[in-house]
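Chemist: All I have is the shape, not the residue letters:
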Ligand SMILES: Cc1cc2nc3c(=O)[nH]c(=O)nc-3n(C[C@H](O)[C@H](O)[C@H](O)COP(=O)(O)OP(=O)(O)OC[C@H]3O[C@@H](n4cnc5c(N)ncnc54)[C@H](O)[C@@H]3O)c2cc1C
Ligand code: SF4
Ligand code: SF4
């Protein structure tokens, strides 16, 4: 094919900054603005193009938007009751507060919000393509240096603290390196190579990079989250299925647990019935509960959701179409890097985390934060991480900052001990085989988890020796390593939690354990140590 | 997956090559975007709405091309279908002030 490379000479790029933000979704965008407003020189590097990449850009995200006032505590309490007792009310309240400030900032900056029936701005919903394009503009206006198509591959450390990161220009294969006073990981969740909205770059890179620097993970067992989509498409968007009825191909209604026709794919216990039906055979849906104005609202409010139907020439309100449940890893799951400080520090000096890369146990608990909490968390955690990183960079002080010896921390998928003979696509397929099937991951069992762990441990051992690449070919193997590492943490957490709670469902332990709710903290890249944190430790941390 | 680049509509502005988050396109010698890494496409439809001339078409199938042709897309008036749904036009953002999702969120409960 006659293609011309975009960057002719593969010259390495070397930059210095106070704060380096890795990832350009909403969390990275808010982090960059906060750090920059705190006086830091900021570089933001994204794997794709900042504005179109990540889970928000192609979606339409509702926020957890509660105005200040007495009702806030009640709203937090109501939501907390649904978190399986895992979330923390203090964190929830601060998230509501900080994210609301963010939404007001957006209005102040002139983001084109719609108006409600009373003519007031309706700030509770952010349409992905518009929101992320707008945020790109704000970040550039703040003077941030943006590196598009510049995935980070590894962190740098001076032995005491994280002092930057290194990666590649994915087009030319040239190296880049940014030495920074502090680094914020805003690399999003891990979608385990699933073809869902905005997921192609969400491969767990940030989790692996941080763990290599000594950060812990938590909540990785809360990853049994799946969302309905028209079969064979990327549209994992649950909202329209609120108005769906479910059938077999010949139109026979599927019955729920009580013998009634199964409707409303996002409410109550219907999800379990859909899972059961899907394990038995193909399932079809029709959005025939959406009547009158609802159809128009769905068309105009969720134009992305309508694309598969428009393009296939079907009327979803009248025609049956096949559906599937798409696994969503930690994107709509909860797990991620464990937050150790109130400003979203990871506990590793100089390393901060925001958005889906962080564990959202504090705000979403054992249930999914998709639909409201996650997008608010991205705003709030981005803000705190940006401020935290800026003040860390300031404390480290300019003069001596870059004198110490700096070493790269990346290993598996980057620096194999032997050859490059392991195909990253085979690693990705092996990971998916363990984490995607409904009967392995929606419904888990101790024996099944142990089998998966042993198979993926075997691949990890081979990856240590044989997974790697050169030039631009370095990205895929490293992504494969990220997803493989994330899968191993997920399985370790799921095996450790011998109960069912929220989106962690164990057939061999079908009920929640009585007594204090625990958290499982995972440490280590090769050998994974599981530390059990009691309720006491959790609330103490939150108070600190 | 991205399937059609209409050379008749395309004005060789380079935008899709830059903004595709999965880095799917390359330019050929004449400046026309070429689908160079089709299997990397994440079917997000965003290149379509950023294109100032509605010259791109992304089929809904996630796992592989369906083989749709430019003339079929044209005949079924599918060029720019997502942009029209959003209220984006000529590659410029617009229409978020008419988002009706607020009604859905109320009706959802
Ligand atoms: C279809 C869908 C609908 C959703 N709807 C809602 C909703 O209604 N309400 C809600 O609260 N939440 C919703 N969510 C979740 C919400 O989109 C996420 O919580 C949010 O996008 C998280 O923001 P983030 O910045 O952490 O991650 P992302 O937006 O995913 O961005 C991560 C960024 O990191 C970049 N990156 C990854 N690895 C690297 C690397 N190695 N180097 C450099 N950059 C890297 C990626 O390219 C990407 O740009 C939805 C998600 C989906 C998929
Ligand atoms: S964005 Fe549209 S007009 Fe511009 S190069 Fe791409 S296809 Fe051509
Ligand atoms: S649909 Fe998305 S991933 Fe595919 S070519 Fe267009 S912008 Fe790129």
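Modeler: Nice, thanks for sending it over. No experiment lies behind these values; they were computed from the predicted model shown. Numbering: from 1, shown residues only, chains lettered A, B, ... in the order given. Ligands and ions are numbered 1, 2, ... in the order given.

Chemist: Give me the secondary structure label for the spatially most central residue of chain B.
Modeler: A centroid search over chain B (CA atoms, centre = their mean) returns residue B:48, at 1.8 Å, as the residue closest to the centre. The local conformation at residue B:48, judged by DSSP: H, G, I helix; E, B strand; the rest coil, is helix.

Chemist: residue contacts, it?
Modeler: The contact partners of residue B:48, taken as CB atoms under 8 Å, 6 or more residues apart in numbering or on different chains, are B:54, B:56, B:57, B:58, B:80, B:82, B:83. Every residue, glycine included, has its C-beta placed from N, CA and C.

Chemist: from the chain's centre, how far out does the helix or strand containing residue A:479 sit?
Modeler: Taking DSSP states H and E as the definition, residue A:479 sits inside helix A:475-496. Relative to the chain's own centre, helix A:475-496 is displaced by 14 Å; criterion: CA atoms, centre = their mean, to the nearest Å.

Chemist: Could you do stretch A:347-362 as well?
Modeler: 11 Å.

Chemist: Tell me the residues on the stretch 151-300 of chain A that lie near ligand 1, please.
Modeler: Residues of the stretch 151-300 of chain A lying close to ligand 1 by CB under 6 Å from any ligand atom are A:151-152, A:186-188, A:196-198, A:201-202, A:205-206, A:236-237.

Chemist: give me that answer again for 8 Å
Modeler: Contact residues (CB under 8 Å from any ligand atom) of the stretch 151-300 of chain A with ligand 1: A:151-153, A:167, A:186-189, A:191, A:196-199, A:201-203, A:205-206, A:209, A:227, A:235-237, A:239.

Chemist: Which ones among those residues lie within helices?
Modeler: A:205, A:206, A:209 (DSSP state H).

Chemist: Return the closest of the residues you listed with respect to chain B.
Modeler: residue A:205 (14.5 Å; CB to the nearest CB).

Chemist: Give me the pLDDT for that closest one.
Modeler: If you check residue A:205, the pLDDT there is 98.

Chemist: Test my guess that it contacts residue A:165.
Modeler: No. Residue A:205 lies out of contact with residue A:165 (CB atoms under 8 Å); the separation is 10.5 Å.

Chemist: In strands only, show me the residues of the stretch 151-300 of chain A next to ligand 1.
Modeler: A:152, A:153, A:167, A:227 (DSSP state E).

Chemist: From those, list the ones also adjacent to chain B.
Modeler: Counting by CB under 8 Å from any CB of the partner chain, nothing from those sits close to chain B.

Chemist: Could I get these in TSV, plus columns for neighbour count?
Modeler: As requested, these are exported to TSV (neighbours: other CB atoms under 10 Å in any protein chain shown):
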residue	neighbour count
A:152	28
A:153	25
A:167	26
A:227	25
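
Chemist: just to revisit the earlier point, for the helix holding residue A:479, packing partners?
Modeler: Judged by 3 or more CB pairs under 8 Å, 6 or more residues apart in numbering or on different chains; DSSP states H and E, helix A:475-496 is in contact with helix A:205-212, strand A:217-218, helix A:424-435, helix A:446-466, strand A:519-523, strand A:529-533.

Chemist: Which of those sits closest to residue A:248?
Modeler: helix A:424-435 (26.8 Å; CB to CB).

Chemist: those helices in chain B, which residues are they?
Modeler: So, for chain B - with DSSP H - the helices run B:15-19, B:46-50, B:70-75, B:81-86, B:101-108.

Chemist: Now the third one: buried residues?
Modeler: Burial within helix B:70-75, assessed by neighbour count using 16 or more other CB atoms under 10 Å in any protein chain shown, is assigned to B:70, B:73.

Chemist: name the helices or strands packed onto that helix?
Modeler: Secondary elements touching helix B:70-75 (3+ CB pairs under 8 Å, 6+ apart): none.
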